[in-house]
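> okay, here's the prediction I keep looking at, along with the sequence it came from:
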Amino acid sequence: MSTDSNDHPLNGTNATEHSVGADLPRTIATLDETETYRVLVTATNWATLGHACGSAAEAPKRLAELLAPDQSVRTKALDYLHHTLHHQNTLYEATVPSALCVAAILLNPRTTSTVDKNHQSFPGCIRAELLLWIASVAGEVTDEAEVHSRRHGFPLDDYPPAVGILQIRPQLFAAAVAYVDDTDRHVAEAAITACIHLLDDPRLLHHRTALIPAIRQTLGTSELWQHRERAIDTLDTWGEDSTGLEGQRNPFLYCDTDTPTDSAPCPVDTSEGYSEPPPF
């Protein structure tokens, strides 16, 4: 997570104050994904929340486009998640309710649709992409992230968007864990990755034991070295046996290979009044 105070929009505002109430997670637990999404959107004052390009007033429309029938529209909506709501791994106020919305739509059959890929993309349908996005968001509030942020003078509990993500980790885990054994290998790997990043939460620690076989047998045997390395690192950190798992054989491959990145600029949205890209 960026620790530059200039990257913290509306820094003094509690991200949950204008978005999800304390009782909302219990409310949405009884709803299907369509109703959950509707409640999340209507319960959130998006215009008061910030993201990389300013106000998040357009966020409900962009989030809905993740389920659009047109692949190019879905792809742009996914780009919006990465480059506006979570630009360069930064957590913004709007990231918090957006994460709940993403978790709510995972069950929708349309998340098995494809999105455009390039040489930097991870494989898989949009459901796998959304799970990896949840993993990225959750990765900014892990125990390791807390140590790193505190070392640089930015403890997570002083940053409202981070506090918001910390609060909703059980809801994000409940959505992700449902796909740990998915028949789509890319979806399963993405779900396991998301769960790993969420299981530093003291309320969720007891789920680690049940996840270990999937980490070893699915993530640890992935075709992607990033997933295999994650499996090894996680098992070692949790004090579990990682014997027999093979990580990155070529230590220089990371430097020699294009990997997914979050460095794209904010998209120009003329429909919402932007006439030119923001100055960063």
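On my side now, so go ahead.
> now do the helices in the stretch 101-250 of the chain.
In the stretch 101-250 of the chain, the helices defined using DSSP state H, counting those that start in this stretch lie at 126-139, 143-151, 160-167, 169-177, 185-198, 208-217, 225-237.
> which other helices and strands contact the first one?
With contacts defined as 3 or more CB pairs under 8 Å, 6 or more residues apart in numbering; DSSP states H and E, the packing partners of helix 126-139 are helix 71-83, helix 95-105, helix 169-177, helix 185-198. Every residue, glycine included, has its C-beta placed from N, CA and C.
> and the first one with helix 95-105, angle?
Okay, so that is helix 71-83. 140 degrees (axes from the mean of the first three to the mean of the last three CA atoms, to 10 degrees).
> just checking, what packs against helix 71-83?
So helix 71-83, by 3+ CB pairs under 8 Å, 6+ apart, packs with helix 59-64, helix 126-139.
> how about the shortest one?
When contacts are defined as 3+ CB pairs under 8 Å, 6+ apart, helix 169-177 packs onto helix 24-28, helix 95-105, helix 126-139, helix 185-198.
> list of residues touching that helix?
25, 28, 99-100, 103-104, 106, 131, 134-135, 137-138, 141, 191, 194-195, 198-199, 201, 203-204, 207, 211 (CB atoms under 8 Å, 6 or more residues apart in numbering).
> equivalent analysis for stretch 133-140, please.
Residues outside stretch 133-140 that contact it (CB under 8 Å, 6+ apart) are 1, 78, 81-82, 86, 89, 91, 95, 99, 102-103, 145, 162, 165, 169, 172, 175-176, 190, 193-194, 196-198, 262.
> how far off centre is that stretch?
The chain centre lies 4 Å from the centre of stretch 133-140; the measure is CA atoms, centre = their mean, to the nearest Å.
> for Val141, phi and psi?
phi -130, psi 20 (degrees, to the nearest 10).
> hmm, I was thinking of His51
phi -140, psi -160.
> so what's the residue count around it?
Residues lying near His51 (other CB atoms under 10 Å) number 26.
> geometric centre of this structure: which residue is closest?
Ile134 (2.1 Å; CA atoms, centre = their mean).
> relative to Tyr92, how far out is that residue?
15 Å (CB to CB, to the nearest Å).
> now Leu63
14 Å.
> please apply the same query to His186.
In terms of CB to CB, His186 sits 27 Å off from Tyr92.
> so these two - more neighbours on which side?
Tyr92 (25 against 21).
> the residue nearest to the more buried one when sequence neighbours are not counted pairs with what?
Closest residue to Tyr92 apart from its sequence neighbours, by CB to CB, 6 or more residues apart in numbering: His51 at 4.5 Å. Taking DSSP bridges, one obtains Gly54 as the residues bridged to His51.
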